[in-house]
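A.B. asks: With the sequence up front, the predicted model follows.
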Amino acid sequence: MGHLDHAAYGWLTPALSYLMASTGAALGLRCTVRALAATGPSRRNWLLTAASAIGTGIWTMHFVAMLGFEVTGTEIHYNVPLTILSLIVAMLVVGAGVFAVGYGKRRGRALVLGGLTTGLGVASMHYLGMAAMRLHGAVSYDPLTVGLSVAIAVVAATAALWAALNIESPVAVAVASLVMGAAVSSMHYTGMMAVAVSVSPSDSVLPGATAMQFVFPLAVGLGSYLFITAAFIALSPTADERAASASARRPGEHAVAAH
């Protein structure tokens, strides 16, 4: 069995991955709160932004954490198409859960459906990302620990969506995002605890790309997307602010009409 190191760079990758998960959760929750206060195309657009933010944050969290994953006796490469597929799955399945909450008529039922869908999307992304690994050896999983990681993902997603439905204060959303980030990180490292690798030393060249060749540049790009999205949300007026602005303009419009 190969020795597994989940933090080859010390606390750097766990801390950065937690930051990415929390940032994605914060943006997703804020967008969902905005969506619930909007109607028509605006609601759809906010929900799409929420899905992309949460999906991107979770994917970036996973692969930043994987930058610190090493197995003694073998290099690790990643299958590029599968890695990209894991990102697409994250966005699509998380999007389905977010839209279930955004358009659900019965909030309780929508929350359960959305939490289950989003949680399974998080877990699917994780294990698709793991399936993209290429190394000299065989990877196996402990079924009970895998089940626990999936349960953590579903509970975390449900709690996050509950927060989006019931919390509007920016401070409360920030706290919920930190909790969500911790839950997603816990799901990741619980899933990693399920991993065992039987190394078969070989001099053959592994297929795929190394983490630094492919995963790191993509993670940096997606991380930049998250921070640009954060700036957009911070500068975008809320429904209350738009209503207040409209009310402030009306007296002036009436005065012009009177003249």
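C.D. replies: Alright, I've got the coordinates.
A.B. asks: So for this protein, the centremost residue is which one?
C.D. replies: Residue closest to the average C-alpha location in the chain (Cα atoms, centre = their mean): I58, at 2.6 Å.
A.B. asks: in which helix or strand would I find that one?
C.D. replies: helix 40-66 (DSSP states H and E).
A.B. asks: Show me what the next helix-or-strand element following that helix is packed up against.
C.D. replies: Of the helices and strands lying after helix 40-66 in sequence (DSSP H and E), the nearest is strand 70-71. Strand 70-71 makes packing contacts with strand 4-5 when contacts are defined by 3 or more Cβ pairs under 8 Å, 6 or more residues apart in numbering; DSSP states H and E. For every residue, glycine as well, the C-beta is placed using N, CA and C.
A.B. asks: list the helices and strands the strand it packs on packs on?
C.D. replies: By 3+ Cβ pairs under 8 Å, 6+ apart, strand 4-5 packs against strand 70-71, strand 195-199.
A.B. asks: Give the rounded mean pLDDT of the shortest one.
C.D. replies: On average, the pLDDT along strand 70-71 is 91.
A.B. asks: I'd like the next helix or strand past it.
C.D. replies: strand 76-78.
A.B. asks: on that earlier part again, how far does the helix holding I58 sit from the chain's center?
C.D. replies: 6 Å (Cα atoms, centre = their mean, to the nearest Å).
A.B. asks: for stretch 138-156, same thing?
C.D. replies: The answer for stretch 138-156 is 17 Å, by Cα atoms, centre = their mean.
A.B. asks: Can you mark which positions in that stretch are buried?
C.D. replies: V146, L148, S149, V150, I152, A153, V154, A156 (16 or more other Cβ atoms under 10 Å).
A.B. asks: And stretch 188-200, by the same measure?
C.D. replies: H188, Y189, T190, G191, M192, M193, A194, V195, V197, V199.
A.B. asks: about what we covered before: and the helix holding I58, what does it pack against?
C.D. replies: Using 3+ Cβ pairs under 8 Å, 6+ apart: helix 40-66 touches helix 12-36, helix 80-103, helix 107-131, helix 170-193, helix 216-235.
A.B. asks: what comes up buried for it?
C.D. replies: Neighbour-count burial for helix 40-66 [16+ other Cβ under 10 Å]: 43, 46-66.
A.B. asks: that older thread, out of the buried residues of stretch 138-156, list just those in helices.
C.D. replies: V146, L148, S149, V150, I152, A153, V154, A156 (DSSP state H).
A.B. asks: Many thanks, we can stop here.
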